[in-house]
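In: show me the folded form of this:
(one chain, ligands or ions: 4)
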Amino acid sequence: RAKSLKNIRYQVFERTMQVGGLDRLQLETDLRLAVSRGEFVMYYQPVISLKTGEIVGFEALVRWQHPRQGLVTPERFLKVAKETGLIIPIGRWAMQEACHQLAIWQQSLKSNCQIIVGVNLSGRQFIHPDLVDEIKGIIQDSGIDPSGLRLEITESVIMDDVEATIRLLHQLKNLQIKLSIDDFGTGFSSLGYLPRFPVDVLKIDRSFIAHIGEATEVENLAIVRTILMLAQALNLDAIAEGVETFEQLEQLRSLGCEYAQGYYFQRPISADHATQFFTSHPHW
Ligand code: C2E
Ligand code: MG
Ligand code: MG
Ligand code: MG
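Out: Ligands and ions are numbered 1, 2, ... in the order given. Coordinates of the predicted model:
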């Protein structure tokens, strides 16, 4: 018996190894520690108005200040965070941190100037039963004007259970916050639902912007143009993500795209750097 048990253990161990289990196990252990130690930092990427050239807000993007590996971006740890459920405490921290920062920005700004901070929500957070109450609590504790907060929910998550989504989106809208569909254009199954979603913004996925200026430009420009028309018809704002070149910026401008973000303007930066940048940035 002992022998067969050992055998089973060995097999399990071997299987985990085969799918890169050692790395993953280490990552999971590190991630748990990171949550309890609070090793996360928030970075902010400016969103630019292509009409005025001004910064209209920021997207909050989480980073992990790893004790040995330095600053780690979400692509390295988000998958494991989602699978383990650690995305719930990480996402809660991200929301608290972004709202805390938004409160500081709102207090230091003149009342005629709006700044909007976008916070990403993963599918797991979105379907969590406490979501609405939690965000409500964070809005109260941070003292923000909720109209400056925008949640970003990816298209694939929104489409998962449409009727439940619509109900939830209305509950979130009742908090007077803004909602956007993230990575728009990559996961839609039925456009017919779009008018029923009480959202404010479509974020055009980076993949459509990235090819502007390349061989497949024509198709991608057609998609971008279509999304912009759709946004206009439904009275939604559109933000193009991942603008890296002047050429892409000019194309978007000529298509009438109103807002954009991307490395061309600025990479995600620390809160302090973002504050500096906000007060002394160039106009595009
Ligand atoms: P996303 O919401 O689509 O965010 C945009 C991503 O594109 C960010 O990656 C940003 O740094 C990157 N990006 C911006 N401009 C450019 C550009 O010009 N070129 C290129 N190549 N990339 C650009 P990041 O920060 O690595 O985040 C990746 C994803 O992780 C995000 O995609 C979002 O889905 C998720 N995420 C980030 N922060 C959070 C968070 O606090 N909570 C949750 N649940 N998810 C988050
Ligand atoms: Mg986003
Ligand atoms: Mg996006
Ligand atoms: Mg994206």
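In: nearest residue to Q251 other than its sequence neighbours?
Out: Nearest residue to Q251, sequence neighbours excluded (C-beta to C-beta, 6 or more residues apart in numbering): I212, at 5.1 Å. For glycine as for every other residue, the C-beta is placed from the backbone atoms N, C-alpha and C.
In: name all residues that make contact with the one you found.
Out: Applying C-beta atoms under 8 Å, 6 or more residues apart in numbering to I212 gives the contacts 220-221, 224, 245, 247-248, 251-252.
In: cool, L249 as well?
Out: Neighbours of L249 in contact, by C-beta under 8 Å, 6+ apart: 50, 243, 260, 264, 284.
In: before we move on, what SS does Y43 have?
Out: strand (DSSP: H, G, I helix; E, B strand; the rest coil).
In: list the buried residues of stretch 166-186.
Out: Neighbour counts using 16 or more other C-beta atoms under 10 Å place 168-169, 172, 177-185 of stretch 166-186 among the buried residues.
In: identify the farthest-apart pair in those residues.
Out: Within these, two members stand farthest from each other by C-beta to C-beta: I177 and G185, at 23.4 Å.
In: would you state the strands of the protein in chain order?
Out: Residue ranges of the strands in the chain, as given by DSSP state E, are 40-49, 55-66, 70-72, 116-121, 149-154, 178-184, 201-204, 237-240, 259-260, 269-270.
In: list the buried residues for the helix ranked longest in the chain?
Out: Assignment by DSSP state H gives helix 87-108 as the longest helix of the chain. For helix 87-108, burial by neighbour count (16+ other C-beta under 10 Å) applies to 87-88, 90-92, 94-103, 105-106.
In: tabulate the CA atom coordinates of that helix in CSV.
Out: Output in CSV follows, covering the C-alpha atoms of helix 87-108 (Å, rounded to 0.1, in the frame of the first residue of the first chain):
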residue,chain,number,x,y,z
ILE,A,87,-7.5,38.2,-7.8
ILE,A,88,-10.3,39.0,-5.3
PRO,A,89,-8.0,40.5,-2.6
ILE,A,90,-5.6,41.9,-5.3
GLY,A,91,-8.5,43.5,-7.1
ARG,A,92,-10.0,44.9,-3.9
TRP,A,93,-6.6,46.5,-3.1
ALA,A,94,-6.4,47.9,-6.7
MET,A,95,-9.8,49.5,-6.4
GLN,A,96,-9.0,51.0,-3.0
GLU,A,97,-5.7,52.3,-4.1
ALA,A,98,-7.0,53.8,-7.4
CYS,A,99,-9.9,55.5,-5.5
HIS,A,100,-7.6,56.8,-2.9
GLN,A,101,-5.4,58.4,-5.6
LEU,A,102,-8.5,59.7,-7.5
ALA,A,103,-9.6,61.4,-4.3
ILE,A,104,-6.2,63.2,-4.0
TRP,A,105,-6.4,64.3,-7.7
GLN,A,106,-10.0,65.4,-7.3
GLN,A,107,-9.2,67.5,-4.2
SER,A,108,-6.2,69.2,-5.9
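In: so how far is R37 from the residue positioned nearest the centre of the chain?
Out: Most central in the chain under C-alpha atoms, centre = their mean is N120, positioned 3.2 Å from the mean C-alpha point. N120 sits 22 Å away from R37 when distances are taken as C-beta to C-beta, to the nearest Å.
In: what of I116?
Out: Following C-beta to C-beta, the distance that separates I116 from R37 is 31 Å.
In: looking at those two, which has the bigger crowd around it?
Out: I116 (22 against 10; other C-beta atoms under 10 Å).
In: hey, where'd the helices end up in this structure?
Out: Using DSSP H, helices in the chain cover 2-18, 21-37, 74-84, 87-108, 123-126, 131-142, 155-158, 162-173, 206-210, 217-233, 246-254, 271-279.
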